[in-house]
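K.L.:
give me coordinates for this.
(4 chains)
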Number of protein chains: 4
Amino acid sequence: MTKGRLEAFSDGVIAILITIMVLELKIPEGADAEALRHMLPEFLTYLLSFVYLGIYWVNHHHMLHMAERINGKILWANLHLLFWLSLVPAATAWLGKSHLATLPTVVYGAVMLCPAIAYYILQNAIIAEDGPGSRLGAAVGRDYKGKVSPLLYASAIGLAFVNPWISNAIFVLVALMWLVPDPRIEQRLRG
Amino acid sequence: MTKGRLEAFSDGVIAILITIMVLELKIPEGADAEALRHMLPEFLTYLLSFVYLGIYWVNHHHMLHMAERINGKILWANLHLLFWLSLVPAATAWLGKSHLATLPTVVYGAVMLCPAIAYYILQNAIIAEDGPGSRLGAAVGRDYKGKVSPLLYASAIGLAFVNPWISNAIFVLVALMWLVPDPRIEQRLRG
Amino acid sequence: MTKGRLEAFSDGVIAILITIMVLELKIPEGADAEALRHMLPEFLTYLLSFVYLGIYWVNHHHMLHMAERINGKILWANLHLLFWLSLVPAATAWLGKSHLATLPTVVYGAVMLCPAIAYYILQNAIIAEDGPGSRLGAAVGRDYKGKVSPLLYASAIGLAFVNPWISNAIFVLVALMWLVPDPRIEQRLRG
Amino acid sequence: MTKGRLEAFSDGVIAILITIMVLELKIPEGADAEALRHMLPEFLTYLLSFVYLGIYWVNHHHMLHMAERINGKILWANLHLLFWLSLVPAATAWLGKSHLATLPTVVYGAVMLCPAIAYYILQNAIIAEDGPGSRLGAAVGRDYKGKVSPLLYASAIGLAFVNPWISNAIFVLVALMWLVPDPRIEQRLRG
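P.N.:
Below is the predicted model:
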């Protein structure tokens, strides 16, 4: 029951965040190809953030699937994660509007790094509650993507001061890394 | 469980998209009949897109009802479908604001064609996971509407360069085609 | 399953509509009492529409609680109801902005009358599907509020041409009529 | 069933309110540090309101977990609570925009006091319906936080006329008080 409501609430928040970003896609003034071309950077940052939130939704889904018990600390660790994710639309809009300038890239990187840390805290809270023999604990040991992503985000923040295009390439790279199907997760879903 | 959460998330996104379009209905400045008449094209494109998203919700509902297992590929194929649907409000607003100009009609047609393709990919991912004897696989064989709609959308995109009114008439036609009750779906729901 | 998803989707749409109206509450420019007083008509129309959507949510809840089967016609009758309810935020904003002028009052009345008719159609679709012995069919016979409300809305539309304040008083009256607790519904919930 | 739908609807509304506040975070015009610094007061009031709504969600969750029966009065007491919570985004935006002026602080305090009273009414409606031996009734006796919070909000409203910074410090203090983990709730969740 408690777990079901935690999932439903998280789904609601992520679903709203994903769709709220669409509101930032400003409708072109004219009706010609130029107007459409002008939207391209905003469209691409929207696509990146959609994928990014989609990755969190899929991972959150797998993580809670393996959680056995929920306590008050987990409820708050989850809200903490949702808080950082809630900043994605604003950071996306700023990045798109500035056409990938340095500071908006740094902020976007921070808005990617903080949920990664919050996700880690939430994961540990669930493993602590489930105790030894936690299914999630066993799965996390093999989770190299979850360990590499925060490092890549942190380096993207630093590299933004060299050239923000490198950082944005890293953001795309991390997203692609998660999109590649993972045979172990497939097995867990089927098993 | 996994299926339930996939449905809940999709419902959330579609519910938000349907209601977010209302925000694009700009409140008239004055309080007279002229102000109201001015809203008419926006109102009609809103109505068309509401029906259009409603059709996707109903079909998505029937499709997942018949799905037996969910894997990671299905989660992503579903997010892919939701991504294209999420562009409906912006495309609708542009079409309404431009009073059915050529390029906004082409974009609207593309925003109808892409989810149709995404829906097809999702359908195939579910059938592949369920294997031979898939209930969905059997139902799809008789699904002529699903096969004809993408062709009609594609021809509407081409015809927009001749006359965008023809294309918009096709969009209305496809919507009406789906609204006509389908006795076989009724039977499946009852059976 | 089907019924659960229908309820969840309807809840989602109504929850979003109720909260989207808040976005129309324009933040006062200054920080003094005058700025706050200026918001009063918008606040009161927001309150009225919140109660109005709340009434629909509670009634929809009771109605589906008694429904036994769902078919495709019911799915579409429900979407039809949600379409009319989705116009409430825009109609509310126009009414509040115009300080209760005639035409916005007429439109608001129509946006109250149409969902009442859509609700009636949905009710009949459920009763038809459940057949004789329908629990909903038995309950509806005693539902005088559901029969009186559309008549009051229709008369409010007509009286708006005499004096829109009368119409708005009727809207408040209908809302109050529904807020008075109904001992029979209580009994049904407990029984 | 009824309880599940009440929870789902409340979750939906709170999830939307929490994410709608993000829309008020105006994207900076420039792309430099000054632009970011300018956002700070709005960001901090957003953070406070996010925590505030999070507290309500967690408490609402615990309260309904212990409720055994739902009646029409409870449905409306819940909508009453959601109404006051729905004013949080607007009050937050006004407070942030005015940089913590007196009247916006008073209004924010009222928007914190009213849901506390509505929560109390909802709690009593549930205890009355569950009768003697209510699990919620037993838990409430030890709920000192729920009793102290409204008093602190009321005093914050009064002190805003002396110095709004004192009031805002009180708002932060109340939020922190709720964030401190409560061993008894943990026990209830585990037991």
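K.L.:
for the helix or strand where A:Ser155 lies, packing partners?
P.N.:
Element membership of A:Ser155, judged by DSSP states H and E, is helix A:144-159. When contacts are defined as 3 or more Cβ pairs under 8 Å, 6 or more residues apart in numbering or on different chains; DSSP states H and E, helix A:144-159 packs onto helix A:102-130, helix A:164-179. Heads up, the C-betas are built off the backbone N, CA and C, glycines and all.
K.L.:
what about A:Ile27, how many neighbours?
P.N.:
Residues lying near A:Ile27 (other Cβ atoms under 10 Å in any protein chain shown) number 18.
K.L.:
with adjacent residues omitted, what lies nearest to the residue in chain A that chain D sits nearest to?
P.N.:
The nearest approach of chain A to chain D comes at A:Gly12, 3.5 Å away (Cβ to the nearest Cβ). Among residues not flanking A:Gly12 along the chain, D:Ala15 sits closest, at 3.5 Å (Cβ to Cβ, 6 or more residues apart in numbering or on different chains).
K.L.:
write out the residues of chain A neighbouring chain D.
P.N.:
A:1-2, A:5, A:8-9, A:12-13, A:16-17, A:20, A:23, A:69-73, A:75-76, A:79, A:82-83, A:86-87, A:89-90, A:93-94, A:97-98, A:101-104, A:107 (Cβ under 8 Å from any Cβ of the partner chain).
K.L.:
need the contact list for the residue of chain A closest to chain D.
P.N.:
By Cβ atoms under 8 Å, 6 or more residues apart in numbering or on different chains, the contact list for A:Gly12 reads B:12, C:12, D:11-12, D:15-16.
K.L.:
let's have those in TSV, adding distance to B:Tyr153.
P.N.:
Below are the contacts of A:Gly12 laid out as TSV (distance: Cβ to Cβ, whole Å):
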residue	distance to B:Tyr153
B:Gly12	26
C:Gly12	27
D:Asp11	36
D:Gly12	32
D:Ala15	33
D:Ile16	32
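K.L.:
how about the residues you listed in TSV, adding secondary structure and distance to B:Leu113?
P.N.:
Below are those laid out as TSV (DSSP: H, G, I helix; E, B strand; the rest coil; distance: Cβ to Cβ, whole Å):
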residue	secondary structure	distance to B:Leu113
B:Gly12	helix	25
C:Gly12	helix	27
D:Asp11	helix	35
D:Gly12	helix	31
D:Ala15	helix	32
D:Ile16	helix	31
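K.L.:
pick out the residue of chain A closest to chain B.
P.N.:
For chain A, Cβ to the nearest Cβ, closest residue to chain B: A:Ala15, 3.5 Å.
K.L.:
and that residue, how close does it get to D:Leu152?
P.N.:
34 Å (Cβ to Cβ, to the nearest Å).
K.L.:
now do A:Met39
P.N.:
48 Å.
K.L.:
how about low-confidence regions in chain A?
P.N.:
A:1, A:142, A:181-191 (pLDDT under 70).
K.L.:
enumerate the residues of it near chain B.
P.N.:
A:7-8, A:11-12, A:14-16, A:18-20, A:22-23, A:25, A:27-28, A:31-33, A:35-36, A:47, A:50, A:54, A:57-58, A:61, A:65, A:179, A:181-182, A:185-186, A:189-190.
K.L.:
quick one: buried residues of the helix or strand hosting A:Val22?
P.N.:
Using DSSP H and E, A:Val22 falls within helix A:2-23. Judged by neighbour count (16 or more other Cβ atoms under 10 Å in any protein chain shown), helix A:2-23 contains these buried residues: A:4-22.
K.L.:
nearest residue to A:Ala139 in space, ignoring adjacent ones along the chain?
P.N.:
A:Met66 (6.2 Å).
K.L.:
what about the one you found, how many residues nearby?
P.N.:
For A:Met66, the count of nearby residues is 17 (other Cβ under 10 Å).
K.L.:
hmm, it is touching A:Asp143, no?
P.N.:
No - checked against Cβ atoms under 8 Å, the pair A:Met66 and A:Asp143 is beyond contact range at 11.5 Å.
K.L.:
common neighbours of the two, please.
P.N.:
By Cβ under 8 Å, 6+ apart, no residue touches both A:Met66 and A:Asp143.
K.L.:
need the residues of chain A near chain C, please.
P.N.:
So chain A meets chain C at A:Gly12 (Cβ under 8 Å from any Cβ).
K.L.:
which non-adjacent residue is nearest A:His60?
P.N.:
A:Ser10 (6.1 Å).
K.L.:
mind listing what the one you found touches?
P.N.:
Counted by Cβ under 8 Å, 6+ apart, A:Ser10 has contacts A:60, A:64, A:78, A:82.
K.L.:
counting neighbours, what do you get for A:Asp32?
P.N.:
14.
K.L.:
again, but for A:Ala35
P.N.:
16.
K.L.:
please report how far it lies from B:Trp94.
P.N.:
Applying Cβ to Cβ to A:Ala35 and B:Trp94 gives a distance of 9 Å.
K.L.:
quick one: common contacting residues for these two?
P.N.:
A:Pro28.
K.L.:
helix or strand: which one has A:Pro132?
P.N.:
Using DSSP H and E, no helix or strand contains A:Pro132.
K.L.:
distance of it relative to C:Ile14?
P.N.:
With Cβ to Cβ as the criterion, A:Pro132 and C:Ile14 are 45 Å apart.
K.L.:
try A:Gly141
P.N.:
Noted for A:Gly141: a distance of 44 Å to C:Ile14, by Cβ to Cβ.
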